[in-house]
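In: With the input below, show me the fold.
(one chain, ligands or ions: 1)
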Amino acid sequence: MVKLKFIIMFIYLTIFTWILVFLLFFDFRKLRTRIRISKFVHQLPGPKRLPILGDLFILFWDEGYLFKKLRQWGKQHAPLYVLSATTLFVSANVTGAEEFEKIASTTKNIKKSPEYFFLNGWLGEGLLTSTGKKWHVRRKILTPAFHFTILQQFISIFNNETRRLVDVLKKETDKPYTNIVPLISQFTLYSITETSMGTALNMENKEDKNYVSAIYQIGNIMLHRIMRPWLYLDALFYNFFPSGRKQLKILKTLHNFTDNIVSKRAENFQKFDIEQENNYNYSNRKKLAFLDLLLNAKITSGIIDDQGIKDEVNTFLFEGHDTTAMSICFTLMLLANHPNYQEMLFQEIVSVLGATNESPDLKNLNELKIMDRFIKESLRLYPSVSFIARTLDEDTLVSGYLLPRKTIVHIHVFDIHRNPKYWSLPEKFDPDRFLPQNCVNRHPFSYVPFSAGPRNCIGQRFAILEIKSVLSGILRNFILEPIDTPDSIVLIPDLVLRTKNAMLKVKFIERQNKCV
Ligand code: HEM
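Out: Now for the predicted structure:
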């Protein structure tokens, strides 16, 4: 019975794939390009594939198994291998630092791959998904929003949100364990909306709650879609499939939420600008936070319109909370599993902040060096963006292979971070890898949790300060005991690196020797 179902699914998939190939390639110039790319990329080593269908069978795998299998291929065929979804759709897959450097260090290869198109319905042409001139202009507008004088002001918000989280966690101490994912996601969402958008959220509010749950659902639907080529065409997906109709509903929730944030801020911003008569103004070089910077750019130079602002707000709400949330969750799981480090970090916090209830400032956070190494090692083993992808803009020679222009390249950050060429005993958790003397001679592209090159993460300093603030608050108040362990969790490749069922369990015990 199972076998019959498999055969039917396979025939169905084959027919759909070829319809898709036809629809996408009736332009014969594109077909010629595809054939050329396919010829070159198929010279790379790779797993055994079926004639014509290539590696399409992986679409039948469960996400956890797919994740494991990709790790196995990454090791087997390092640093570069081919995967193909039919003969004409091929990708070059990178697990080596030198190869990633070749691709990411040039200003040419800034175009994202077709996988990112699925995000367009939600994020439009925001900084993550846009390319060319639009991306350059936006990156230039937004870079000052992450200047250290701005970030410095955000720390008091991180501290307030940490206090709110600590109060929530105190109620969890009676329980056998806590699933930290929803609680930490709420913390990072509150932090990004208040710092960058100037809006304080409240989970008692139904719309705020719905927004958080919509973010989870959209991630699941997108992964579901990526794994099913018959859902690729928008017209079919949105009109004929329940998941497409569900996505439209979710997008409405997400967009209503951000539209609201933008219009509220726009009202206040205009009032503020008029009242202050250029006191808080871009042109006299006072620093503006994210959303105000965009509103100001629209008013003063018109280089961004309302839709552009909304696209950026959607992009930053997603990139600015989900990535950091998962990174904090994995770090807490590792702390629970390494009590010796937990104690070292606690002692470091006490020595930097003293035995008071003082909240850390920028200087304090910069002094937390052991914590810094702990976070770096956590991001090495669990990079929340474990996979990035590009479409090459020029023929590029990588590891002796010519990858033609328009080749899709998948960069497996997770595998680069566990490649034994750069990391001895790569599976071992060891923050001392990041002691200054141990970093000498390490390939700069072997550690890339925030990517590298011109399209690196614009929010990386924001993220690190936020993570340090929250860890300081949690470790000052609780001892963490392990429930989940690195061996017990099942990782899945979602929009960000997640665990199966979005669960990560830790036990919280209130500290007796608190530094308050
Ligand atoms: C631990 C937390 C974070 C990690 C691991 C992370 C990682 C990354 C990575 C790997 C990229 C490159 C993605 C690609 O090429 O497709 C990226 C891009 C980006 N990140 Fe982050 N990020 C984090 C936090 C943040 C935060 C807090 C913000 C905003 C406040 C942010 C905003 C962005 C944006 C807008 C981009 C696109 C940049 C561009 O293409 O110019 N990220 N991030």
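
In: Dump stretch 321-339 to CSV, keeping only the CA atoms.
Out: Output of stretch 321-339 as CSV, limited to C-alpha atoms (Å, rounded to 0.1, in the frame of the first residue of the first chain):
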residue,chain,number,x,y,z
HIS,A,321,13.6,38.7,16.0
ASP,A,322,13.5,35.1,14.8
THR,A,323,17.2,34.7,14.2
THR,A,324,18.2,36.1,17.5
ALA,A,325,15.5,34.2,19.3
MET,A,326,16.8,30.8,18.1
SER,A,327,20.4,31.8,18.8
ILE,A,328,19.4,32.7,22.5
CYS,A,329,17.5,29.4,22.8
PHE,A,330,20.4,27.2,21.6
THR,A,331,22.8,29.2,23.9
LEU,A,332,20.5,28.6,26.9
MET,A,333,20.4,24.9,26.1
LEU,A,334,24.2,24.8,25.9
LEU,A,335,24.5,26.7,29.2
ALA,A,336,22.2,24.1,30.9
ASN,A,337,24.4,21.4,29.6
HIS,A,338,27.7,23.0,30.7
PRO,A,339,27.3,23.9,34.4
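
In: Pull out the buried positions in that stretch.
Out: 321-338 (16 or more other C-beta atoms under 10 Å). The C-beta positions use only the backbone N, C-alpha and C, and glycine is treated the same way.

In: That one near the ligand anywhere?
Out: Yes. With C-beta under 6 Å from any ligand atom as the criterion, the ligand is reached by stretch 321-339 at 323, 324, 327.

In: one step back: from the buried residues of stretch 321-339, which land in strands?
Out: Assignment to strands by DSSP state E places none of the buried residues of stretch 321-339 there.

In: Which members of those are positioned in helices?
Out: Among the buried residues of stretch 321-339, DSSP state H puts 322-337 in helices.

In: Report the distance from the longest helix anywhere in the chain to the chain centre.
Out: When the chain is scanned for its longest helix (criterion: DSSP H), the result is helix 242-276. How far helix 242-276 lies from its chain's middle: 22 Å, per C-alpha atoms, centre = their mean, to the nearest Å.

In: swap in stretch 131-148?
Out: On C-alpha atoms, centre = their mean, the centre of stretch 131-148 falls 18 Å from that of its chain.

In: Could you see whether the ligand lies near that stretch?
Out: Yes. Stretch 131-148 comes into contact with the ligand (C-beta under 6 Å from any ligand atom), by way of residue 139.

In: For that stretch, which outside residues touch it?
Out: With contact meaning C-beta atoms under 8 Å, 6 or more residues apart in numbering, stretch 131-148 is reached by 110-112, 125-127, 130, 150, 196, 287-290, 293-294, 297, 303-304, 308, 312, 362, 458-459, 461-462.

In: ok, now with 6 Å
Out: With contact meaning C-beta atoms under 6 Å, 6 or more residues apart in numbering, stretch 131-148 is reached by 111, 125, 127, 287, 290, 293, 297, 303, 458, 462.

In: In a helix, residue 82, correct?
Out: No. Counting by DSSP: H, G, I helix; E, B strand; the rest coil, residue 82 falls outside a helix, being strand.

In: Quick check: it vs residue 336, distance?
Out: 40 Å (C-beta to C-beta, to the nearest Å).

In: re earlier: please tabulate the residues of stretch 321-339 next to the ligand in JSON lines, including the columns pLDDT.
Out: JSON lines is the format used below for these (pLDDT from 0 to 100):
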{"residue": "323", "pLDDT": "95"}
{"residue": "324", "pLDDT": "97"}
{"residue": "327", "pLDDT": "98"}
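
In: of these, closest to residue 264?
Out: Closest approach between these and residue 264, by C-beta to C-beta: residue 324, at 23.7 Å.

In: Just to check, that closest one is in contact with residue 463?
Out: Yes. Using C-beta atoms under 6 Å, residue 324 makes contact with residue 463 at a distance of 4.8 Å.
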